[in-house]
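Enquirer: one predicted model, sequence on top.
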Amino acid sequence: MKAVWQGKVIAESDRTLEVDGYHYFPRDAVRMDLLKQTPRTGSDLQCPHGVQFYDVVAGETRSPRAAWSYEAPQARMQPVDHWIGFWNDVNVR
């Protein structure tokens, strides 16, 4: 699986996990240099899994909150603890 944004491969792995229709990539398969941690909102703080969103950034181009990670997942999301999921304009294929 690959996560592609603006023609750049930002994650690639053959060991992704699919949960609730989203593919999660192990952190070591993600170009973390292209992700910038965002401040948590009130609804983020209510997430029972400790969600942390990231903007995908390259130069002046940014896709806000297009990636996320569960930093303190409850049992159901434990398999993707600290893995990275993508959405919005990041194409996962």
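Expert: Looks like it arrived, so ask away.
Enquirer: now do the helix or strand encompassing residue 43: everything it contacts.
Expert: Take DSSP states H and E as the rule and residue 43 turns out to sit in helix 42-46. By C-beta atoms under 8 Å, 6 or more residues apart in numbering, the surrounding residues in contact with helix 42-46 are 51-53. C-beta coordinates here come from the backbone N, C-alpha and C atoms, glycine included.
Enquirer: restricted to strands, list the residues you listed.
Expert: Counting by DSSP state E, the part of the contacts of helix 42-46 found in strands is 51-53.
Enquirer: hey, which strand is longest across this structure?
Expert: The chain, longest strand under DSSP E: strand 61-70.
Enquirer: the nearest residue to residue 2 once chain neighbours are set aside and residue 51: what is the separation?
Expert: In space, and not counting its chain neighbours, residue 2 is closest to residue 12: 4.8 Å by C-beta to C-beta, 6 or more residues apart in numbering. Applying C-beta to C-beta, to the nearest Å, the value for residue 12 to residue 51 is 23 Å.
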